[in-house]
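*Asks:* okay, here's the prediction I keep looking at, along with the sequence it came from:
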Amino acid sequence: STGSVVTTPQQYDVEYLTPVTIGTPGQNLEIDIDTGSSDFWVFSSETPKSQVDGQTCYNPNKSSTAKKLEGATWEIEYGDGSSSSGDVYLDKVKMGGVNFSSQAVEVASKVSAEFTADTNNDGLMGLAFGSINQVRPQKQTTFFENLQSSLDKPLFTADLKSGAPGHFNFGYIDKNAYTGSITYTPVNSTQGFWMWTSPGYTIGASGKFKSSPIEGIADTGTTLLLLPSSVVKAYYKNVSGASYQSSNGGYVFPCDATLPSFYVSVGDDARIKIPGKYMSYAPVDSQGQNCFGGLQTDDGIGFSIFGDVFLKAAFVVFDAGKERLGLAAK
Ligand SMILES: N#Cc1c(N)n[nH]c1N1CCCC1
């Protein structure tokens, strides 16, 4: 089998939302596919009304195929401090034309304010590795892991775009979705993530390559590109008026500043070009005078995060069959 589903950016490409259908009859939700976590959880009939602000809620009591996973509970806290928790049902899940009949659907009986405020987002589908799933007493496998053996190829691809809809595809590589060739690099999944190491980077079209291994995760659920502070400092030295502003929580610069492109090396002789315009995320003031950088530090995380600012510059193959990540220009 193969599947393909459209994913649509929200304002400033802060996140990408993807349609999914749960249960019988189908209940349609919009979720955030997150390759940086491994739980599929949704707003539900069990989420307190005070914590719901327009989200679509999955109601297992209205699904003839829903089965409660007795005794199972889950709770998750993300790196940004947001969190959610609840219990678990098994139900049919369909996305992009592929379906799995007994997917663990983690229904939220509590969500933090960040999720309540994210009014178009009905939940998260984690597509990292099941080893970091938060359901107890028994961890659950992800939607992709459940599909894997029935897919034509044991992989999925992400084609996120700047300010336009893109696609997640399952089980095949769309040759029309990228240019040139795909460079593959090993994935270390021991921490449960799609973790890989870039050999280094280049700042600007005429910049010199800096050999400096950067270990990080390919994470569609993180908006920005989070790299070591030495790299980030070196980049913003090239941006006039840029400074680290603790009040804004990161590097800020005049919105009319010229931003150099940033090249992330992959394997021995390939690199992904992030255009300068992707390196500006959003205005920090209502006048639109100063802008928050799309590149910020990975301080305190323990590894770098190749989030949407990077991923939307590439065609990305998440190849579980060969434990590798493929990257191509597009
Ligand atoms: N923090 C964080 C984070 C991450 N590193 N991957 N996905 C994350 N989130 C998904 C929804 C909220 C945060």
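*Replies:* Looks like it arrived, so ask away.

*Asks:* near the ligand, which residues of the stretch 201-330 of the chain are found?
*Replies:* Within the stretch 201-330 of the chain, the positions near the ligand by Cβ under 6 Å from any ligand atom are Asp219, Gly221, Thr222, Ile305. Just so you know, the C-beta spots here come from the backbone N, C-alpha and C atoms, and that holds for glycine as well.

*Asks:* give me the number of residues near the nearest residue to the third one once chain neighbours are set aside?
*Replies:* It refers to Thr222. Using Cβ to Cβ, 6 or more residues apart in numbering and skipping residues adjacent in sequence, the residue nearest Thr222 is Gly307, 3.4 Å away. Counted with other Cβ atoms under 10 Å, the neighbours of Gly307 add up to 24.

*Asks:* and if you look at Ala108?
*Replies:* Counted with other Cβ under 10 Å, Ala108 comes out at 28.

*Asks:* right, and it touches Val52 too?
*Replies:* No - counting by Cβ atoms under 8 Å, Ala108 sits too far from Val52 to count as a contact (9.5 Å).

*Asks:* shared neighbours of the two, which are they?
*Replies:* Common neighbours of Ala108 and Val52 (criterion: Cβ atoms under 8 Å, 6 or more residues apart in numbering): Phe43.

*Asks:* contacting residues for the most centrally placed residue in the chain?
*Replies:* Nearest to the mean C-alpha position of the chain, by Cα atoms, centre = their mean, lies Thr220 at 1.5 Å. By Cβ under 8 Å, 6+ apart, the residues touching Thr220 are Tyr16, Ile33, Asp34, Thr35, Gly36, Leu127, Ala158, Leu160, Gly307, Asp308, Leu311.

*Asks:* mind putting the residues you listed in JSON lines, pLDDT included?
*Replies:* Formatted as JSON lines, these follow (pLDDT from 0 to 100):
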{"residue": "Tyr16", "pLDDT": "99"}
{"residue": "Ile33", "pLDDT": "99"}
{"residue": "Asp34", "pLDDT": "99"}
{"residue": "Thr35", "pLDDT": "99"}
{"residue": "Gly36", "pLDDT": "99"}
{"residue": "Leu127", "pLDDT": "99"}
{"residue": "Ala158", "pLDDT": "99"}
{"residue": "Leu160", "pLDDT": "99"}
{"residue": "Gly307", "pLDDT": "99"}
{"residue": "Asp308", "pLDDT": "99"}
{"residue": "Leu311", "pLDDT": "99"}
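
*Asks:* by neighbours, which of those wins?
*Replies:* Thr35 (29 neighbours).

*Asks:* now do the contacts for the closest residue to the ligand within the stretch 151-300 of the chain.
*Replies:* With Cβ to the nearest ligand atom, the shortest gap between the stretch 151-300 of the chain and the ligand falls at Gly221, namely 2.9 Å. Counting by Cβ under 8 Å, 6+ apart, Gly221 touches Glu15, Asp32, Ile33, Asp34, Thr35, Gly36, Ser37, Leu124, Gly126, Gly307.

*Asks:* if we use 10 Å, what do you get?
*Replies:* 15-16, 32-37, 78-80, 124-128, 305, 307-308 (Cβ atoms under 10 Å, 6 or more residues apart in numbering).

*Asks:* okay, and it sits in which element?
*Replies:* Taking DSSP states H and E as the definition, Gly221 sits outside all helices and strands.
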